Every structure is written in C-alpha cells, then in structure tokens.
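[1] Coordinates for the following, if possible.
(chains A and B)
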Amino acid sequence: MATQQIFSPLPGIFYRKPSPDKPFYKNDGDVVTESDTIGLIEVMKSFNEVKAGAAGKIVRFLAENEDAVMAGQPIAEIDV
Amino acid sequence: MAIKKLLIANRGEIAVRIIRAARDLGIATVQVYSKADKDSLAVRLADETVDIGPPQASKSYLNQATILAAAQGAGADAIHPGYGFLAENAEFAAAVEAAGLIFVGPTAQSIRLMGDKVAAREAAASAGVPTVPGSQGRLESADAAFALVEKTGFPVMIKAAAGGGGRGIRIARSAEEFHHLMPQAQAEALAAFGDGGLYVEKLIEGARHIEVQVLGDGRDVIHCFERECSLQRRRQKVWEEAPSPSLTHAVREKLCTSAVALAKAVNYRGAGTLEYLYDDRTGDFYFLEMNTRIQVEHPVTEMVTGIDLVHEMIRIAGGEPLRIRQNEVRVSGHSIEVRINAEDPARNFLPNPGTVSALSVPGGDGVRFDSMLYAGYTVPPFYDSLLGKLIVHDKDRPSAMRKLERALAELSVEGIFTTKPLHQALARDADVKAGRFHTAWLEPWLESHAAGLATAQPLSAVKVAP
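    Residues are numbered from 1 along each chain as shown, chains lettered A, B, ... in the order given. Okay, the predicted model is just below:
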C-alpha cells in the first residue's frame, strides 16, 4: 500500500457534496474506484467533477467542503 | 438628500463602472472586496476599501450584515448593488433602508413584486401588457389544461410548477401529443418534485429577446427604447444591440409604451428593464419579466441615447426627480456590445481564470471598453467569467458592425483564453450581418462552427494537476 494524493484539477471552490442538502460523496475510510466522484470544483460558476483517479481507500480529506482551492492543490489522500 | 458617499456592493466591471459614475457626480466611493479581489481594478480606483471576507460569495458579497456594517463603518449614505449578488434581494433593500441608508434601486416592495413570476404576470395583465398565453396559475387536471390549450393553440410547453432551470419541460405540437405527454409530465413532476402541479404556456418558436430600458422616480416613468439580446448561449446573452434590427416603428412604439405603462403601474423607481419575447413574423410581443436593477448590457442604450443610466439611477436614489422628459429621449445611430468572457470558445466555453500577461485596449471614436482588466491582473476563479464588454457606436448598423470588427482586432488579452474569437466569427456571419437570428439561433450555430473558433490564443493559464 502506498499513500497518494488527489489533486484539484482546477482552481475554485471545492465541494464535497453534489448539493447542499445531500450527504458527502465520500468519507474518510471509504473505498473508491478510479472513476468515483469525490467532489466538485466550482470555477466561474461552472461545476466540474473531481474523480478519485485511482482505486483505493481514502485516508482523509485535506480540503474542507466549500474551501477555496488552487489548481494542483492536494484535496485528499488515498491508499492505493 | 443628495448622496455624498456611495458603497459599491459588487465587484468586477460593474463596480468599476459605478465608481466612475459616482466620481463624475462628485460622490466619494467605498469598495467592498473579498480576499480574492484585493488586487481588483475597483479596489485600486475607489477612495476607500473594506475587506468583507473570504472569496466565496456566500461569505462576502452575499453577506448582508457584513456589507451593511461596512457601509455604516465607512460613513457611506448609500449602497449601489450593481447586478447579481444582492441587486434583486428585497430583504437586503429593506435592511438598507431600515438602517437609514439609501438603496440605489427600487423599493423592496417593487423587487418582491417583480421577483414573483405570477404576481409580475398579473401586474402586466392589469396594465394591459401582453404576456405569453397560458395558464394563469397551476393546473391540477388534464381537462382544465386541454380546455386552455384549445384557446392558446399549438405548440405548447408543459412545465412543472415546482420545476425550474428547464427541468420537466415538454413540448406538445398537437392535441394528440398533448394527451400523450400531459399524464407523463404530471407523473414526472410528482416523482421529481413531490408536486404534480403543472403550467401550460404557448411556445413562441423563433422568438427574439427584446427588452425595454426604463427610468422612474417613483412617480413618473420614461423609456429609453429597446435593446435586442437574441444571441444567447445557455440563456446567457453574449451580444446585445440597440436599437433592435427587427422592430418596425409601430411595434417599437407599442412595445415601449407598454413597458412604461407597467413600470408606472408599480410606481417604479430607478433603472429597470422589462424583458419580452418578440415574434417578428406576427409582430406580437409578450412580457417575460422585469429586472429591477442596472443590466450588463446597459451601455448600448447609453451609446444611442446619450443618457448615462448609472448617473441617472444615482441621482434618482438621492431624491432628484427625473431630469429627462420622454420627448427628449432620441435614438441616434446603432450600438453593439459583445461580452468578453474568460472562456475558451474552442473548448466548449471552458472557464479560464488566470493572469493577464499583456493587454491592448481598442480606441477611437465610438469605441468603449468597460472592463475589470489591467495588465498583470490575475482573474480569480470564484466569480462569473465576464471580464469586460466591448461596445461600439456608429451611424447605422452596417457601420457599427465594421467598427466592431476593427475594435475586436485591436483588442488583445494575453495569457488567458477569451470569447473574442466567437465575436469575430459572429461579426463575419451573413445571418448576423443581416440581423437574422432568434434566441435559439446561436447554439446550433456554435455546433456547426466549433472548428472555426479555435485560434492562436495563448496557452491556458489553468494548470493541469500533476
């Protein structure tokens, strides 16, 4: 097992939920596949899904819901 | 009470526009800003600035209490909301007035009335302004709906009362289709929204978007003629003109008179816009909604009438009566505005924040560039993609089109992709040159012209994750 980081592909606001009244896409400890959505980045009012990018287990999120993030910023750690 | 110090509760190009107008009138300015906007042009230009919090609009530009406190702390006597954010928030307008400050805009009551679709439609009907034929309220039964469409004729749109943003809309082109689609729509609305209530509205195919600018002082109202904004992508205007290339003199007269009647009926105060659908085959127009604020595309009206709308709305807010009589409002020449957005038209309008490494702005007579840009500025990713508006004015539409092409060629925004190539392609298009378009024209055009929109624009500043 190696720990990798999942990076934000874009600058913007990071959301961990598909909409405010919905639960988080993923929680610490969840097992994910490569194509699973782990969050959204809102850039200039358009919403872009962030994929896990690798199969594994999420160790922890490094960015909180509604955090402002930069492109390339790590947003979660994943054990693959 | 004349305004002495104005707080601008907005950002971007409109904040710059308002600061300039206030300064022209000898009014001091206070610019609020989020952490993401501390290097913005508006912050650089304003007399005073107040930090109102983090980049997220919900925590800064939409934070009513913080903005009110900033106004009071800075000793401002008025707040200009611009467009978007809190501009059409009745609760905020009321809070500003309750705090003893001036809201540069209409009363909270007007905002509330026009913000309620059913109430606005009723106000229009009682002022004798035509609305799109359809159900006045929600329809509960298929029989009631059918009785109605027999009167309106086909095609009709069936919409979920609880829906929005185009969800749950069906189009029926015949009685047979209607009987087939109505139960489906009802079941889907119930499943999706927990509410089976439906509206039925006549579908005006190939309609143009035409809007009338009004100015009111709470007693009297004048119009400043119309703008046509039919070139839209995903219901966002991209190109606006004044006057409309499609109206006859007689229809223009009727349309503008109807707008004044409705604005007068609600004792409208400030600058406002009444939006209509216009069917150029029948000459019929239908009121859609009223925007109770200054609009992005206001400059084309300013260019053809010579009226500074932002000046006028600030003067009215300060308590002055309307200074311009209707018979003094005249249209001279033709004006076109194109929206320069931080989006790449060659890649499906991908948003493209980043640093503007160099900037050249077009000039000459009848060319105006209202923008938030300067060389070295980093466009933040947190807000909408509008960077600025290029506006041209000339003696007639063909001259204005040529001037637009010339001005676009002079405009250079380096470091980020913009919608400039889209406007260059539109300005060369035969249909656009002839004014042959409607609200559903641009999207299919984009599909067939996607390849031509890729140009030698600079590499994106958006970094790709490692």
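[2] Now residue 44: closest residue in space that isn't a chain neighbour?
    The chain I'm using is chain A. The shortest distance from residue A:44 to any non-neighbouring residue, by C-beta to C-beta, 6 or more residues apart in numbering or on different chains, is to residue B:351 (3.6 Å). (Glycine included, C-beta is placed from N, CA and C.)
[3] Correction: the question concerned chain B.
    Among residues not flanking residue B:44 along the chain, residue B:374 sits closest, at 7.9 Å (C-beta to C-beta, 6+ apart).
[4] Correct me if wrong: the one you found contacts residue B:39.
    No. In this structure residue B:374 lies outside contact range of residue B:39 using C-beta atoms under 8 Å: 9.3 Å.
[5] Identify the residues contacting the longest helix belonging to chain B?
    Secondary structure assigned by DSSP state H gives helix B:175-193 as the longest helix of chain B. Helix B:175-193 is contacted by residues B:142, B:145-146, B:149-150, B:154, B:156, B:158, B:160-163, B:167-168, B:170, B:172, B:195-198 when judged by C-beta atoms under 8 Å, 6 or more residues apart in numbering or on different chains.
[6] Of the residues you listed, grab the buried ones for PyMOL.
    In PyMOL syntax, the buried subset of the contacts of helix B:175-193 is picked out as below (16 or more other C-beta atoms under 10 Å in any protein chain shown):
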select buried, chain B and resi 145+149+156+158+160+161+162+163+168+170+172+196+197+198
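[7] Of the contacts of helix B:175-193, which belong to strands?
    Those of those mapping onto strands are B:156, B:158, B:160, B:170, B:172, B:198, per DSSP state E.
[8] surely the fourth one meets residue B:156?
    No. Using C-beta under 8 Å, residue B:170 makes no contact with residue B:156, being 9.1 Å away.
[9] Identify each buried residue in the helix or strand of chain A with the lowest mean pLDDT, please.
    Lowest mean confidence among the helices and strands of chain A (mean pLDDT, DSSP states H and E): strand A:46-51, at a mean of 92. Within strand A:46-51, the residues scored as buried using 16+ other C-beta under 10 Å are residue A:50.
[10] Does it reach chain B?
    Yes. Residues of strand A:46-51 contacting chain B under C-beta under 8 Å from any C-beta of the partner chain: residue A:46.
[11] Alpha carbons of the next helix or strand after that strand, as PDB, please.
    Using DSSP states H and E, the helix or strand that follows strand A:46-51 in sequence is strand A:56-61. Only the C-alpha atoms of strand A:56-61 are listed here, as PDB (Å, rounded to 0.1, in the frame of the first residue of the first chain):
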ATOM      1  CA  GLY A  56      -8.100   2.500  -3.200                       C
ATOM      2  CA  LYS A  57      -9.200   3.700   0.200                       C
ATOM      3  CA  ILE A  58      -9.500   7.400   1.100                       C
ATOM      4  CA  VAL A  59      -7.300   8.100   4.100                       C
ATOM      5  CA  ARG A  60      -8.500  11.600   4.700                       C
ATOM      6  CA  PHE A  61      -9.700  14.800   3.000                       C
END
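[12] Relative to the whole chain's centre, how far out is strand A:56-61?
    In this view, strand A:56-61 has its centroid 10 Å away from the chain centroid, taken as C-alpha atoms, centre = their mean, to the nearest Å.
[13] Which single strand of chain B contains the most residues?
    Chain B, longest strand under DSSP E: strand B:221-233.
[14] quick one on the thing from earlier: out of the ones in strands among the contacts of helix B:175-193, the closest to residue B:439 would be?
    residue B:156 (17.5 Å; C-beta to C-beta).
[15] For residue B:427, which residues are in contact?
    B:401, B:404, B:405, B:408, B:433.
[16] quick one: which helix or strand includes the last one?
    Secondary-structure assignment from DSSP H and E places residue B:433 in helix B:430-434.
[17] So which residues make contact with that helix?
    Under C-beta under 8 Å, 6+ apart, the answer for helix B:430-434 is B:231, B:398, B:401, B:426, B:427, B:437, B:441, B:445.
[18] need the residues of chain A near chain B, please.
    A:7-13, A:42-46, A:66, A:68, A:71-72.
[19] how does it look with 6 Å?
    Applying C-beta under 6 Å from any C-beta of the partner chain, we find that chain A lies next to chain B at A:7, A:9, A:11, A:12, A:13, A:43, A:44, A:45, A:46, A:68, A:71, A:72.
[20] Now flag whichever of the residues you listed is closest to residue B:412.
    Sorting those by distance to residue B:412 puts residue A:44 at the head of the list, at 21.2 Å, by C-beta to C-beta.
[21] any idea how far residue B:420 is from the closest one?
    Using C-beta to C-beta, to the nearest Å, residue A:44 is found at 17 Å from residue B:420.
[22] surely residue B:10 meets residue B:84?
    No. Here residue B:10 lies out of contact with residue B:84, judged by C-beta atoms under 6 Å, at a distance of 7.2 Å.
[23] Those two: who's more crowded?
    When residue B:10 and residue B:84 are compared for neighbours, residue B:10 comes out ahead with 26 against 19, by other C-beta atoms under 10 Å in any protein chain shown.
[24] can you pull the pLDDT of the more buried one?
    pLDDT for residue B:10: 98.
[25] dump the residue contacts of it.
    Residues in contact with residue B:10 (C-beta atoms under 6 Å, 6 or more residues apart in numbering or on different chains) are B:82, B:85.
[26] Residue B:175: neighbouring residues, count only.
    12.
[27] just residue B:451 next, same as before
    Neighbour count of residue B:451, defined by other C-beta under 10 Å: 7.
[28] ok, now residue A:1?
    Residues lying near residue A:1 (other C-beta under 10 Å) number 7.
[29] Tell me the bridge partners for the closest residue to it other than its chain neighbours.
    Nearest residue to residue A:1, sequence neighbours excluded (C-beta to C-beta, 6+ apart): residue A:79, at 4.9 Å. Taking DSSP bridges as the rule, residue A:79 bridges to residue A:3, residue A:57.
[30] what about residue A:79, distance to chain B?
    Distance, residue A:79 to chain B, using C-beta to the nearest C-beta, to the nearest Å: 19 Å.
[31] I figured that residue hits residue A:57, correct?
    Yes. Contact status for residue A:79 versus residue A:57: in contact at 4.7 Å, counting by C-beta under 6 Å.
[32] Can you give the distance of the longest helix of chain B from its chain's centre?
    Taking C-alpha atoms, centre = their mean, the mean C-alpha location of helix B:175-193 is offset from the chain mean by 32 Å.
[33] got it, and stretch B:126-140?
    23 Å.
[34] Could you do stretch B:348-355 as well?
    On the basis of C-alpha atoms, centre = their mean, stretch B:348-355 sits 21 Å off its chain's mean C-alpha point.
[35] For burial, what's the neighbour tally of residue 72?
    You didn't pick a chain, so chain A it is. With other C-beta under 10 Å as criterion, residue A:72 counts 14.
[36] oops, I was thinking of chain B
    13.
[37] what's it sitting at in phi/psi?
    Backbone geometry at residue B:72, expressed as degrees, to the nearest 10, gives phi -70, psi -40.
[38] Where does pLDDT dip in the stretch 51-200 of chain B?
    B:163-168 (pLDDT under 70).
[39] Once you drop chain neighbours, what's closest to residue B:205?
    Leaving aside its chain neighbours, residue B:205 sits nearest to residue B:155 (6.9 Å; criterion: C-beta to C-beta, 6+ apart).
[40] what residues are up against that neighbour?
    B:171, B:173, B:203 are the contacts of residue B:155 under C-beta under 6 Å, 6+ apart.
[41] are any of those residues buried, and which?
    Applying 16+ other C-beta under 10 Å to the contacts of residue B:155 flags residue B:203 as buried.
[42] nearest to chain A, of the contacts of residue B:155?
    residue B:171 (26.7 Å; C-beta to the nearest C-beta).
[43] quick one, what contacts the closest one?
    B:155, B:157, B:203.
[44] The second one - how many residues pack around it?
    In other words, residue B:157. Taking other C-beta under 10 Å as the definition, residue B:157 ends up with a neighbour count of 17.
[45] ok, it - contacts?
    B:169, B:171, B:201, B:203.
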